[in-house]
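J.: here's a sequence, model it:
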Amino acid sequence: MSILKKSIIASAALALPLAVSANSKIEKMMKDPSQWVQQSGDYAGHRYSALDQINKSNVGSLKVAWTFSTGVLRGHEGGPLVIGDTMYVHTAIPNIVYALDLNDNQRIMWKYNPVKGGKYPGGETMDRVISVMCCDNVNRGVNYHPNGTIVLHAADTSVIALDAKTGKEKWVTTNLHAGTGKYGVSASTGSGQPFIIKDMVGVGCSGAEFGVRCNWTQYDINSGKRLWRAYSMGPDKDMLVDPNKTTSMLKPIGKDSSLKTWPGDAWKIGGGSIWGFYGYDSSLNTLYYGTGNPSTWNPVVRPGDNKWSMTINARNPDNGMAKWLYQMTPYDEWDYDGVNEMILVDMKVKGKNRQALVHFDRNGFAYTMDRASGELLVAEKYDPAVNWATHVDMKTGRPQVVDRYSTAHQGEDVNTTNICPAALGSKDQQPAAYDRLSGLFMVPTNHVCMDYEPFKVDYVAGNAYVGATLSMYPAPGGTHLGNFIAWDADKGKIVWSNPEPFSVWSGALATAGGITFYGTLEGYAKAVESKTGKELFKFKTPSGIIGNFMAYSHKGKQYVGILSGVGGWAGIGLAAGLTDPTAGLGAVGAYSALSNHTALGGVLTVFLFSLTRI
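T.: Below you'll find the model as predicted:
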């Protein structure tokens, strides 16, 4: 054996225990309900708090404990972290990060702004980056590594490691390119959370509306060195798939599984963005994430399944190799991004114990899968308005498309009407929660339909590459645009449903107190009984809520926090001052009345149950 090989093996042997140790430490921290150390609460994406001081009997008496203004307008998605006695709060562009001292009246310990002299670390101006953000200036939050690092995925795609105590930069690397002129790369942006596993941090990318060929990239947490990159489409070696070992619907995907499904070299500008919330199972050592829509939105110019856009990926986080893939919406014709969260639950499905993955897709179907094998177990509609497909064929995994609602079948320059759901889906990025007490999933949803007219568009690196005009409106039979539902992932059934005037665009939080929190676009923070949906608490925050609820305890008291700050795709009209009903990729018209209920402003509101006056 060569000296080089011996050295590599020795280094790997030393590194493995360190990586395992880091993972064990953060997983132990995730089990401590006094902290909130990851955007989803834990790797499984349950968004569940074991705290029960706030419960069904007293939640109606919640009071505001304190508030914090972020000083930034536009949409605030994601949520704060709590590590020990410190809270970390992020903002929309310019992506400021604050560290607040919970022992000293939330004193600002440090503040970090990645924009210096009007430019992001990658060299692009903030104005340029804003101009290529798809659907508002949002960011879905920072994450934490137990070596004392806070990681930010900034809007220009920079990945920034900060010292958790001081806010000083440890390292900065720019993942892709937000500028112009680079084929299949330019106009990339970063809005998704950085996802930390072992001694690595992974990020996806946004930009399918600009013809970016997106990917997942894994970096070393200590140095910022790139470890691997897996593209959403293209040659097998680019996607890190094994034709014989990587499976889909339990069968090997075969050679050139992606290339065969794209005309010519269209895959080079194929989209497949990755910007949602992700999952990781340490027992299987598997990372789970979803890919988004193929580029362009005009399906006529890209006949084929366009693999592997719109796909759940199960990968080895150490080398990126795909274990299995499942494409929810082959040949997407409606912009039904497959990026929504992956919730990992050990549960009985059809009487058999399963290591399950539950995914509420934009296309209106909720999927329950075996996360070890990729077997499809359940696929049912979670909004009764869904009409673009009749059902999912459980043998092939393919949705059965209705020609009447097929924008490709109707053709270019033809307005296909009354498609349900709209492009923003029956649910967009707003993450669901898993209630461990009832076994139900608490799901914020949209109840919106659309008209969709595809048209020819030419690709220019760094410019918009959409190719469709959309209009959105409430689903038939009512005027409300959203519901908050409880879902049975074994039976594939809605257990209860609460209508809301606008889409429910906030992330949910279930708790051991038997209650679930969610927020509304008008700005109401609400709590409902998890088993029945009965509303128990309602409070108007300063702005519309598109952030995610979280919980922590400090000095023996339980707190619940939520970022308000209206915006996101649903609130883009109000956030950006747009008035054309078809602007904002079709969302402006449907949500035009939102300005009658709320206004811009990023504010963190923290609640506490107290018998005494605060």
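J.: could you use CA atoms for every contact and neighbour count after this?
T.: Will do.
J.: so how far is the one helix or strand M347 maps to from its chain's centroid?
T.: Secondary structure from DSSP states H and E places M347 in strand 343-349. How far strand 343-349 lies from its chain's middle: 20 Å, per Cα atoms, centre = their mean, to the nearest Å.
J.: likewise for stretch 120-132?
T.: Using Cα atoms, centre = their mean, we find the averaged C-alpha position of stretch 120-132 to lie 22 Å away from the chain's own average C-alpha position.
J.: same thing with stretch 579-597?
T.: With Cα atoms, centre = their mean as the basis, the mean position of stretch 579-597 lies at 22 Å from the chain mean.
J.: what residues of that stretch count as buried?
T.: Buried residues in stretch 579-597, defined by neighbour count with 16 or more other Cα atoms under 10 Å: 581-592, 594-595.
J.: which of the residues you listed sit farthest apart?
T.: Using Cα to Cα, the pair of the buried residues of stretch 579-597 lying farthest apart is L585 and S595, separated by 18.3 Å.
J.: related to what we said a few turns ago, out of the buried residues of stretch 579-597, list just those in strands.
T.: When strands are assigned by DSSP state E, not one member of the buried residues of stretch 579-597 lies inside them.
J.: quick one: which of these is nearest Y288?
T.: The nearest member of the buried residues of stretch 579-597 to Y288, counting by Cα to Cα, is L585 at 28.0 Å.
J.: which residues touch that closest one?
T.: Contacts were defined as Cα atoms under 8 Å, 6 or more residues apart in numbering; by that measure L585 touches 469-470.
J.: if we use 10 Å, what do you get?
T.: Under the criterion of Cα atoms under 10 Å, 6 or more residues apart in numbering, the contact list for L585 reads 134-135, 423-424, 466, 468-472, 569-570, 572.
J.: buried ones among these?
T.: 134-135, 423-424, 466, 468-472, 569-570, 572.
J.: how long is stretch 209-222 end to end?
T.: In terms of Cα to Cα, to the nearest Å, the two terminal residues of stretch 209-222 are separated by 33 Å.
J.: pLDDT of that stretch, averaged?
T.: Averaged over stretch 209-222, pLDDT sits at 98.
J.: please shift the residue numbers so they start at 26 in all later answers.
T.: Okay, using 26 as the starting number, the last item reads as stretch 234-247.
J.: give the buried residues for that stretch.
T.: Under the neighbour-count criterion of 16+ other Cα under 10 Å, stretch 234-247 has 234-246 buried.
J.: make a markdown table from the contacts of L610 and add secondary structure and pLDDT to it.
T.: A markdown table is the format used below for the contacts of L610 (DSSP: H, G, I helix; E, B strand; the rest coil; pLDDT from 0 to 100):
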| residue | secondary structure | pLDDT |
| --- | --- | --- |
| C159 | coil | 91 |
| C160 | coil | 92 |
| A448 | coil | 98 |
| L449 | coil | 97 |
| V491 | coil | 97 |
| A493 | strand | 98 |
| T494 | strand | 97 |
| L495 | strand | 97 |
| S496 | strand | 97 |
| M497 | strand | 98 |
| W594 | coil | 94 |
| A595 | coil | 95 |
| I597 | helix | 95 |
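J.: could you redo those as CSV and give each row distance to G296?
T.: Output for the contacts of L610, formatted as CSV (distance: Cα to Cα, whole Å):
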residue, distance to G296
C159, 13
C160, 15
A448, 16
L449, 17
V491, 11
A493, 15
T494, 18
L495, 19
S496, 22
M497, 23
W594, 18
A595, 22
I597, 22
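J.: just give me the closest of the buried residues of stretch 234-247 to W135.
T.: When the buried residues of stretch 234-247 are compared for distance to W135, the smallest value, 21.3 Å, is given by I246; criterion: Cα to Cα.
J.: correct me if wrong: that closest one contacts N168.
T.: No: judged on Cα atoms under 10 Å, I246 makes no contact with N168 at a distance of 11.6 Å.
J.: now for those two: what residues contact both?
T.: Jointly contacting I246 and N168 under the rule Cα under 10 Å, 6+ apart are 174, 176, 186, 221, 226.
J.: count of neighbours near the last one?
T.: For V226, the neighbour count with other Cα atoms under 10 Å is 25.
J.: so what's it up against?
T.: By Cα under 10 Å, 6+ apart, V226 lies in contact with 168-170, 176, 184, 186, 219-220, 242-247, 249, 251-252, 342.
J.: in a strand, it, correct?
T.: Yes: following the definition DSSP: H, G, I helix; E, B strand; the rest coil, V226 is counted among the residues of a strand.
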